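Peer 1: Sequence and computational prediction follow.
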Amino acid sequence: MNRKEFVLNTVSRKQDLVVEVETAKLYQQVLEKEGFAVEMGIAGMPTAFKAAYGSGKPVVGFLAEYDALPELSQVGGCTERKPVCGENPDGHGCGHNLLGAGTLAAALAVKAYLEENPGKGTVILFGCPSEEKGNGKTIMARDGIFEGVDAALTWHPDTANAVWTTSSLANVSVFFNFKGVTSHAAAAPELG
């Protein structure tokens, strides 16, 4: 997939782009205010970024994933589907609203440590758009964005607190249109 195809496939709906662009801008504002050097539009993706603080080794990276998935916006606090009327129909699924916020907090915590313990070390927050539908991290890796990083960390909300040492899913992008009851493809496909 080339960069143009990525952008077209990733931002297949205008609302998706609005949410992703606004999210990336907000990250940029917060990170610059915190003293990070922010580089927007990395790997040919306008909403991908690299924000660095500190210098030297070790270099610790955090992957801030964010994406807007079609028609997942709903009233907060509901355990059943209740769409928000009159607003953008796209939203976060599977806790994706937490992925970026959690890694931003981790990057800010490492920055605070570096300030309190002067010396060498760098923390980088990588803005990784399209975690579910566009292979954002794959394109970033292909373009060498993660080179020089000693450790890269991410997380995913779940019902248990654990470290996974196994792989989960492979990613091959194919677009399908389904009708019927939705479910999470990896966790509960039998419910769909």
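Peer 2: In hand now; what should we look at?
Peer 1: List the contacts of stretch 40-47.
Peer 2: The contact list for stretch 40-47, computed with C-beta atoms under 8 Å, 6 or more residues apart in numbering, reads 3, 6-7, 10, 20-21, 23-24, 28, 48-50, 127, 129-130, 136, 139-140, 142-143, 145. Placement of C-beta: from N, CA and C, glycine included.
Peer 1: mind listing what the residue nearest the centre of the chain touches?
Peer 2: For the chain, the residue nearest the mean C-alpha position is E65 (0.9 Å; C-alpha atoms, centre = their mean). When contacts are counted by C-beta under 8 Å, 6+ apart, E65 touches 96, 99-100, 103, 128-129, 131, 136-137, 154.
Peer 1: and F146, how far is that from G180?
Peer 2: 38 Å (C-beta to C-beta, to the nearest Å).
Peer 1: neighbour-wise, which of these two wins?
Peer 2: Higher neighbour count among F146 and G180: F146, with 16 against 6, using other C-beta atoms under 10 Å.
Peer 1: thinking that one is in contact with G61, fair?
Peer 2: Yes - F146 lies in contact with G61 (C-beta atoms under 8 Å); the separation is 6.7 Å.
Peer 1: what residues do those two have in common as contacts?
Peer 2: Shared contacts of F146 and G61 (C-beta under 8 Å, 6+ apart): 126, 152.
Peer 1: related to what we said a few turns ago, looking at neighbours, which among the contacts of E65 is most surrounded?
Peer 2: P129 (30 neighbours).
Peer 1: what is that residue paired to in the beta sheet?
Peer 2: Taking DSSP bridges as the rule, P129 bridges to Y66.
Peer 1: isn't it right next to V21, touching?
Peer 2: No - taking contacts as C-beta under 8 Å, P129 lies outside contact range of V21: 9.6 Å.
Peer 1: Poorly predicted segments of the protein, please.
Peer 2: 1-18, 68-70, 72-73, 86-94, 96-97, 131-134, 167-175, 178 (pLDDT under 70).
Peer 1: Would you map the strands across this protein?
Peer 2: Along the chain, counting by DSSP state E, strands occupy 37-40, 49-55, 59-66, 121-129, 151-153.
Peer 1: Describe which strands the shortest one pairs with in its sheet and in which direction.
Peer 2: It refers to strand 151-153. In the sheet, strand 151-153 lines up against strand 59-66 (parallel) (DSSP bridges).
Peer 1: what's the angle from the strand it pairs with to strand 49-55?
Peer 2: Angle, strand 59-66 to strand 49-55, by axes from the mean of the first three to the mean of the last three C-alpha atoms, to 10 degrees: 150 degrees.
Peer 1: and strand 59-66 with strand 121-129, angle?
Peer 2: 20 degrees.
Peer 1: ok now strand 59-66, how far from the chain's centre?
Peer 2: Strand 59-66 sits 8 Å away from the centroid of its parent chain (C-alpha atoms, centre = their mean, to the nearest Å).
Peer 1: Grab the CA positions of that strand and hand them over as PDB.
Peer 2: Taking C-alpha atoms only, strand 59-66 is exported to PDB below (Å, rounded to 0.1, in the frame of the first residue of the first chain):
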ATOM      1  CA  VAL A  59      15.400   6.100  24.200                       C
ATOM      2  CA  VAL A  60      12.000   5.000  25.300                       C
ATOM      3  CA  GLY A  61       9.000   5.300  23.000                       C
ATOM      4  CA  PHE A  62       5.300   5.100  23.600                       C
ATOM      5  CA  LEU A  63       2.700   4.400  20.900                       C
ATOM      6  CA  ALA A  64      -0.300   6.700  21.100                       C
ATOM      7  CA  GLU A  65      -2.900   5.000  19.000                       C
ATOM      8  CA  TYR A  66      -6.100   6.800  18.000                       C
END
